[in-house]
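S.K.: Could you look at this predicted model? Sequence included:
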Amino acid sequence: MKLVISDPKTGKAYQKEISDAEAEALYGKKIGDEVDLSPFGLSGYVAVIRGGTDDAGFPMRHDVHGTGKKSVLIGSGTGISKKSLKYRGERRRKTVRGNTVAEDIAQLNLKIIKYGDKPLEEIFGGEGEAQAS
């Protein structure tokens, strides 16, 4: 599993690959839950789960419960582009992943809410990418 850790102070995101054994600590957590990042080498850091994608590229959606894929009728938000809609009020049926982390998740997006002693740039060696505005 790949963790994408966003730092709101600097606007940079850092990627960390974790093993399946390490990822088991995240199984069962939902979007919006707080996660302690100490088991992943980031002592003192706490992050909140913001979303992710599964191994087939389907995005996690916060209002779809469970771990499986579901085909839901959506008009805005995660999983649909406004460009794909032709009419005002139109909704489309799209396949999305549930809001609970499971072994099918390939990428998990995290946002730092509590910082540790060591800065992230020092831990990752300054290889973070700034978010384009």
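M.R.: Done, it's in.

S.K.: what's the distance between the residue most central in space within the chain and residue 72?
M.R.: Among the residues of the chain, the one closest to the centroid is residue 109, at 2.2 Å (CA atoms, centre = their mean). Residue 109 is 20 Å from residue 72, where distance means CB to CB, to the nearest Å. The C-beta positions use only the backbone N, C-alpha and C, and glycine is treated the same way.

S.K.: How about residue 79?
M.R.: 8 Å.

S.K.: what do those two both touch?
M.R.: Taking CB atoms under 8 Å, 6 or more residues apart in numbering as the criterion, residue 79 and residue 72 both touch 61, 94, 95, 96.

S.K.: Report whether the last one is found in a helix, as I expect.
M.R.: So the one you mean is residue 96. No: read with DSSP: H, G, I helix; E, B strand; the rest coil, residue 96 is strand and lies in no helix.

S.K.: What's opposite it in the beta bridge?
M.R.: With DSSP bridges applied, residue 96 shows beta-bridge pairing to residue 70.

S.K.: can you start the count at 43 instead of 1 from here on
M.R.: Fine by me, first position is 43 from now on; the one you just mentioned is residue 138.

S.K.: Next, count neighbours for it.
M.R.: Residue 138 has 23 neighbours, counted by other CB atoms under 10 Å.

S.K.: same check, this time on the first one
M.R.: Other residues within reach of residue 103 by the criterion other CB under 10 Å amount to 21.

S.K.: how about it, what does it touch?
M.R.: Taking CB under 8 Å, 6+ apart as the definition, contacts of residue 103 comprise 93, 114, 116, 119, 120, 121, 138, 139, 140, 141.

S.K.: Select from the residues you listed the one having the most neighbours.
M.R.: residue 139 (28 neighbours).
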